[in-house]
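**Student:** One predicted model, sequence on top.
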Amino acid sequence: MIRELDLRLPPHIAGEPGDFKTAVARKAGIPEADIRHVEVMRRSIDARQRDVMIQLRVKIFIKEDHSPDEMRPPEAGDVRLAREVVVVGMGPAGLFAAVELIRQGLKPVIIERGKDVRERIADLKGINVRHEVNPDSNYCFGEGGAGTYSDGKLYTRSTKRGNVAEVLEWLVGFGAVRDILVDAHPHIGTNKLPGIIAAMRAWILAHGGEVRFHTRVTGIRLDGDQIRGLETSQGHVPATRVILATGHSARDIFELLHRSGIAIALKPLAIGVRVEHPQALIDSIQYHCEVRGPYLPPSPYSIVKQVDGRGVYSFCMCPGGVIAPCATSPGEIVTNGWSSSRRARSTANSGIVVELRPEDFAPFADAGPLAAMAYQQAIEQAAWDAGGRTQTAPAQRLEDFVNGRVSRDLPATSYAPGITSVELTSVLPETIHRALVTGFRLFDRSKKGYLTNEAVVVAPETRTSSPVSIPRNPETLEHVRIRGLFPCGEGAGYAGGIVSAAMDGIKVARQLASA
């Protein structure tokens, strides 16, 4: 017999296998000896009350043996001789599109400007240690895209865009832990993602797909309204069907599209800062305790407030994590965050960002649909100048930021290139700075102790999403004017994170194959 059951348990009971099985038997009203296996189907932490609880949905196998299904990569045939589809970009959207193309009997030819996951490591060291930015290989560009070395959070609210479970099951098939199938806020970790990405590449190659690294797109060849090929740093690539999945930081692609007369549109985004606290402080606020117990993970947080009609909210929160330098060109500073699978660092960081509106980009109106991108760039370049024209980031202690004081000193930080004390009004536009000041005061009302000089504000957080959208026909998913061009993923404005980008890649590949 198999039964499903909902439980609500203290962490020390949920975390000890023997105690957990006893609790399940008691809740089910059956002898513990009758339970052969308990499969967790859903798990979340409820920290709303003083006593933190673990909420679970489980499947109980009563007097019945059970072996968990082994998850493998998707099944597919060989596509070496099949019709080709060029996929530009090897982030989540491009990778999952390529896998789905193979499942649909088409041959993906992936063009990636950067390097494979192993080779990227040297360039990440270059920016962290030597303050050198490789514009083709960094935290944003290269195999796996921005997600590979920036955490691997898999939580999404975009369930209407596709099948979340399918994406997670594919990831498990390629090597992710099964916990991502049950956790309310699944997470892989920067240390685990490279192996998963490499396994996806190996699967694509084994089934007849192609991958071309070190290949930057430099031109688009059109015949009227039909795409005919791409010009690249490695020569011409003929193509009548192209999935464009280049991510939210591919500014040269946005400029190329605009210069080529291919329609794009300004897309408002959110911009702000990274805030880093001691993880122990966040644990004490979230878990209502002096010291986090061994059965609870480092606590995340999520905050949303309204300030003068604008959203001010946390973004990409990294418990036990690191602030990373994510510039994609020399002469700019960009921050993001990541955590390893264990989330074992002593610091917690989060983007705290302000919702922007089309009118905010008016000073850059001459840039047309690239105005939001120009706004981004101006902030990143101001941070570069304020930080001493290296990757050393401008920063203030949090209370000093709110009270308009230059910090006399700064706490230790996880941001490897280092930080320097700067009054951040010299970096952030007044609209953003003012909203953040009020937002932090409101945050402290909800999470007492959040507003403290133990925390440091590091600027800027600018790459929350794409500053443009690339319009596509909602039925065919082709560009509204260019036949054979399929804008896809976060860079085109149709996703926001690993899972939603992966779902959009699958969706576009299926639609292309059915045409």
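**Tutor:** Thanks, I have the structure now.

**Student:** going forward, measure contacts between C-alpha atoms and count neighbours the same way
**Tutor:** OK.

**Student:** contacting residues for His12?
**Tutor:** By Cα atoms under 8 Å, 6 or more residues apart in numbering, the contact set of His12 is Tyr295.

**Student:** My error: substitute Phe486 in the last question.
**Tutor:** Taking Cα under 8 Å, 6+ apart, we find Phe486 in contact with 241-244, 472, 477-479, 508.

**Student:** Could you do Pro325 as well?
**Tutor:** Contacts of Pro325 by Cα under 8 Å, 6+ apart are 127-128, 139, 333-336, 391, 415-417.

**Student:** Ala382: which of the residues you listed is nearest?
**Tutor:** Among the contacts of Pro325, Ile333 lies closest to Ala382 (Cα to Cα), at 8.4 Å.

**Student:** distance of that closest one from His214?
**Tutor:** Applying Cα to Cα, to the nearest Å, the value for Ile333 to His214 is 24 Å.

**Student:** One more: Lys21?
**Tutor:** 52 Å.

**Student:** Neighbour count: these two, which is higher?
**Tutor:** A direct count of neighbours by other Cα atoms under 10 Å for Lys21 and His214 places Lys21 higher, at 20 against 17.

**Student:** Skipping adjacent residues, who's closest to that one in space?
**Tutor:** Sequence neighbours aside, Glu32 is the residue nearest to Lys21 in space, at 7.1 Å (criterion: Cα to Cα, 6 or more residues apart in numbering).

**Student:** from memory that neighbour sits against Ala25, does it?
**Tutor:** Yes - in terms of Cα atoms under 8 Å, Glu32 counts as a neighbour of Ala25; the distance is 5.1 Å.

**Student:** which one of these two has more residues nearby?
**Tutor:** A direct count of neighbours by other Cα under 10 Å for Glu32 and Ala25 places Ala25 higher, at 19 against 15.

**Student:** In a helix, that one, correct?
**Tutor:** Yes - counting by DSSP: H, G, I helix; E, B strand; the rest coil, Ala25 falls inside a helix.

**Student:** for Thr156, what are its contacts?
**Tutor:** So Thr156 contacts 497, 499-500 (Cα under 8 Å, 6+ apart).

**Student:** again, only this time at 7 Å
**Tutor:** Listed by Cα atoms under 7 Å, 6 or more residues apart in numbering, the contact set of Thr156 reads 499-500.

**Student:** From Val508, how far off is it?
**Tutor:** Relative to Val508, Thr156 is positioned 19 Å away (Cα to Cα).

**Student:** Restricting to C-alpha, output the top strand by length along the chain in CSV.
**Tutor:** Scanning the chain for the longest strand, with DSSP state E as the assignment, gives strand 35-46. Output of strand 35-46 as CSV, limited to C-alpha atoms (Å, rounded to 0.1, in the frame of the first residue of the first chain):
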residue,chain,number,x,y,z
ILE,A,35,7.1,1.2,6.7
ARG,A,36,9.5,0.0,4.1
HIS,A,37,10.3,3.4,2.6
VAL,A,38,9.4,7.1,3.0
GLU,A,39,9.8,9.3,-0.1
VAL,A,40,9.8,13.1,0.4
MET,A,41,7.8,14.7,-2.3
ARG,A,42,7.9,18.3,-1.1
ARG,A,43,9.9,20.1,1.6
SER,A,44,9.9,23.7,2.9
ILE,A,45,10.9,25.7,6.0
ASP,A,46,8.2,27.7,7.8
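
**Student:** next helix or strand past that strand?
**Tutor:** Once the chain leaves strand 35-46, the next helix or strand it forms, by DSSP states H and E, is strand 53-62.

**Student:** who touches that following strand?
**Tutor:** 1-11, 14, 34-47.

**Student:** again, but for stretch 277-289
**Tutor:** By Cα under 7 Å, 6+ apart, stretch 277-289 touches 47, 50, 52, 290-292, 298-299, 319-320, 346-349, 447-448, 454-456.

**Student:** Show me the shaky parts of the stretch 1-150 of the chain.
**Tutor:** 150 (pLDDT under 70).

**Student:** again, only this time at 90
**Tutor:** 65-71, 146-150 (pLDDT under 90).

**Student:** repeat for the chain
**Tutor:** Along the chain, the model assigns pLDDT under 90 to residues 65-71, 146-162, 185, 187, 189-191, 341-342, 515.

**Student:** most centrally placed residue in it?
**Tutor:** With distances taken as Cα atoms, centre = their mean, the residue of the chain nearest its centroid is Gly497 (4.2 Å).

**Student:** these two touch, right, Val457 and Glu399?
**Tutor:** No - when contacts are counted by Cα atoms under 7 Å, Val457 is not listed as touching Glu399 (9.3 Å).

**Student:** what about the two, which has more around it?
**Tutor:** Set side by side, Val457 and Glu399 show more neighbours around Val457, with 29 against 21, by other Cα under 10 Å.

**Student:** tell me which residues form a beta bridge with that one?
**Tutor:** Val275, Gln396 (DSSP bridges).

**Student:** Which parts of the stretch 351-500 of the chain are helices?
**Tutor:** Ranges of helices in the stretch 351-500 of the chain, per DSSP state H, counting those that start in this stretch, are 371-386, 398-403, 430-446, 498-514.

**Student:** and Glu112, how many neighbours?
**Tutor:** Counted with other Cα under 10 Å, residues neighbouring Glu112 total 28.

**Student:** Compute the distance between it and Val87, please.
**Tutor:** 9 Å.

**Student:** Also Gly126?
**Tutor:** 28 Å.

**Student:** Ok, Gly145 next?
**Tutor:** Per Cα to Cα, Gly145 is found 13 Å from Val87.

**Student:** again with Val275
**Tutor:** Distance from Val275 to Val87, by Cα to Cα: 36 Å.

**Student:** higher neighbour count, those two?
**Tutor:** Using other Cα under 10 Å, the more surrounded residue of Val275 and Val87 is Val87, with 30 against 23.

**Student:** got the residue ranges for the strands in the stretch 51-200 of the chain?
**Tutor:** Counting by DSSP state E, counting those that start in this stretch, the stretch 51-200 of the chain has these strands, from start to end: 53-62, 84-88, 107-111.

**Student:** Can you give the strand pairings for the last one, parallel or anti for each?
**Tutor:** Under the criterion DSSP bridges, strand 107-111 sits next to strand 84-88 (parallel), strand 210-212 (parallel) in its sheet.

**Student:** Can you give me the domain boundaries for the chain?
**Tutor:** 2-62, 84-264+471-514, 270-461 (automatic domain parsing).

**Student:** Now distance to Pro74 too, for the ones you listed, in TSV please.
**Tutor:** Shown next, in TSV, are these (distance: least, Cα to Cα, whole Å):
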stretch	distance to Pro74
domain 2-62	22
domain 84-264+471-514	7
domain 270-461	24
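
**Student:** Select, out of these, the one closest to Gly77.
**Tutor:** For the domains of the chain, proximity to Gly77 was assessed by Cα to Cα; domain 84-264+471-514 is nearest, at 6.5 Å.

**Student:** Just the terminal-to-terminal distance for the closest one.
**Tutor:** First residue to last in domain 84-264+471-514 (Cα to Cα) measures 14 Å.
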